[in-house]
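In: Just need the structure, nothing else, for what follows:
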Amino acid sequence: MIGAIGAVACADIARAQPVPPSPTDTIQTEPSAVPLRDIMDVARDLFGIKVKGQPEITPRPGLSFTLLPSVGYNPAYGAFIGISAAFGGTLGDPKTTNVSSGSAGASYSTTGQISLQFKSDFFTPGNTMDLKGDWRYLDTSQPTYGLGAVERGQEKYPMDFVLYRFFETAYMRAAGSPVYIGLGYHFNRYDKIVDQRADAGEVTPFTTYSGGYPKVTTSSGLSVNVLYESRDNPINAKRGLYWNASLRNFVKELGSDTPWQSLQSDLRVYPHFPKGSRNTAAIWSSVWITFGHTPYLDLPAIGWDTYGRGGRGYVQGRIRGQSQVYTEFEYRVPLTANDMWGMVGFFSETQTTNPESGVFSNSDPAGGVGLRVKFNKKTATNLAVDFSWGDIQPMRVFFGMQEVF
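Out: Down below sits the predicted model:
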């Protein structure tokens with residue numbers, strides 16, 4: 001997606017800081033002698049705004065709120081205007097409570113497409129619980145390209161649909177450990193499905209896989225989940241490990257059209273390289289496997305992770321299959337001692353099962369570079385601009401208010 005940010009406004013609801021490193025952590029992840037700076041510091045300097053009194057350095061519970069009105073253009077959606085908000089901070093004592101994060105957004109395009117989304121990852125005081133949510137209403141159009149890896153000459157099959165999504169998982173922490181056990185509910189309803197080429201009388205990947213032309217598909221099920229969370233800050237991790245595994249069972253008794261299951265594993269690690277430096281070699285490995293006759297639009301697809309950040313270099317839904325393995329490496333380098341500027345280089349590979357053989361096919365690579373500007377130093381939130389390329393795909397520009405992973 002190519003977008004242009006139109007205006008920026010930021011309001012701190014309450015002061016918040018990332019969880020401090022443990023006494024045994026010797027990695028210098030933040031500069032100690034140079035004060036941190038962000039976009040608001042620059043704005044205050046430019047407009048001569050002076051802050052009265054001494055700065056508050058004691059971390060307090062609360063969320064920081066960042067508001068971003070935006071405009072942009074996408075060939076599939078047309079021009080759009082919207083507003084997005086990012087949340088970050090701690091809901092309890094920062095010494096004992098992990099950083100919480102979330103985002104909300106609404107947009108409307110010149111082609112009449114509507115998007116309302118809310119994503120959350122909230123830790124209760126003392127890390128007793130973690131609440132993860134993914135709620136969406138999308139009235140949208142999106143091309144599909146059939147199943148399997150990217151191939152030259154693949155045809156595009158435009159589709160329209162309305163998505164109602166409600167995913168919510170509640171995790172309870174195992175006392176004295178970074179391990180959480182959770183139960184979740186997952187509801188996806190694709191309504192008013194239009195396969196434009198099928199309407200023109202063609203046989204399409206959607207109708208072939210579905211054995212007909214369903215105008216509505218519904219998936220409703222429960223999940224059991226395991227979470228290991230030791231990152232210092234989920235908004236912009238500089239150390240720690242994250243692993244989330246989820247086994248989901250969609251059944252007719254809860255409203256699903258067909259019974260099917262999925263197994264998902266999401267692993268992220270953040271070693272420093274060279275050791276002792278502020279540079280981070282972040283690694284993301286995601287596995288998404290389905291069993292049974294999964295509805296076509298529910299199949300694993302690139303860019304359909306919770307925050308829609310996987311597969312930079314490809315448009316959302318470009319690669320789809322019964323199962324998918326995604327791996328990404330990103331090298332993060334701060335360019336200034338005050339953490340105001342930074343850059344990243346990244347490379348990813350996607351492997352998807354072949355629809356004929358059921359085995360994983362050739363991988364689809366992507367890569368690129370990105371610029372980082374500190375937007376909110378209290379929560380380490382960066383404004384991210386990434387330039388990326390996919391296999392036989394043109395360069396694309398992606399904007400974001402958090403790190404990709």
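
In: which residues in the stretch 101-250 of the chain form strands?
Out: 114-123, 129-144, 157-173, 179-195, 217-229, 241-250 (DSSP state E, counting those that start in this stretch).

In: For the fourth one, enumerate the helices and strands it packs against.
Out: Taking 3 or more C-beta pairs under 8 Å, 6 or more residues apart in numbering; DSSP states H and E as the contact definition, the neighbouring helices and strands of strand 179-195 are strand 129-144, strand 157-173, strand 217-229, strand 241-250. C-beta here means a position set from N, CA and C on the backbone, and glycine is covered the same way.

In: 6 Å instead, please
Out: On a contact count with 3 or more C-beta pairs under 6 Å, 6 or more residues apart in numbering; DSSP states H and E, strand 179-195 meets strand 157-173, strand 217-229.

In: and of the strands of the stretch 101-250 of the chain, who's closest to residue 261?
Out: Among those, the nearest to residue 261 by C-beta to C-beta is strand 241-250 (5.2 Å).

In: Verify the assumption that residue 371 is located in a strand.
Out: Yes: assessed with DSSP: H, G, I helix; E, B strand; the rest coil, residue 371 lies in a strand.

In: Could you give the number of residues near it?
Out: Neighbour count of residue 371, defined by other C-beta atoms under 10 Å: 15.

In: Now do it against residue 306, distance only.
Out: 24 Å (C-beta to C-beta, to the nearest Å).

In: Poorly predicted segments of the stretch 201-350 of the chain, please.
Out: The model of the stretch 201-350 of the chain has no residue with pLDDT under 70.

In: Quick one: the helices in the chain, in order.
Out: Under the criterion DSSP state H, the chain contains helices at 39-47, 196-199, 205-210.

In: Mind listing the residues bridging to residue 184?
Out: Residue 184 has these beta-bridge partners by DSSP bridges: residue 169, residue 223.

In: what's it in contact with, if anything?
Out: 169, 223, 225 (C-beta atoms under 6 Å, 6 or more residues apart in numbering).

In: same deal with residue 47?
Out: Neighbouring residues of residue 47 by C-beta under 6 Å, 6+ apart: there are none.

In: what residue ranges in the stretch 51-200 of the chain are flagged as low confidence?
Out: Ranges of the stretch 51-200 of the chain meeting pLDDT under 70: 51-60, 71-78.

In: quick one on the thing from earlier: for residue 191, which of the helices and strands packed on strand 179-195 is the nearest?
Out: strand 157-173 (4.4 Å).

In: got the contact list for the closest one?
Out: Residues outside strand 157-173 that contact it (C-beta under 6 Å, 6+ apart) are 127-136, 138-139, 141-144, 180-182, 184-197, 204, 225, 227.

In: and that strand, how far out from the chain's middle?
Out: Using C-alpha atoms, centre = their mean, to the nearest Å, the mean C-alpha position of strand 157-173 is found 13 Å from that of the whole chain.

In: So in terms of bridging, what pairs with the residue nearest to residue 136 when sequence neighbours are not counted?
Out: Closest residue to residue 136 in three dimensions, ignoring its sequence neighbours and counting by C-beta to C-beta, 6 or more residues apart in numbering: residue 165, at 4.1 Å. Note on residue 165: beta-bridge partners by DSSP bridges are residue 136, residue 188.

In: What about residue 165, how many residues nearby?
Out: 16.

In: repeat for residue 43
Out: 12.

In: Narrow the contacts of strand 157-173 to those that are buried.
Out: Among the contacts of strand 157-173, those that count as buried by neighbour count (16 or more other C-beta atoms under 10 Å) are 127, 130-136, 138-139, 141-144, 180, 182, 184, 186-190, 193, 195, 197, 204, 225, 227.
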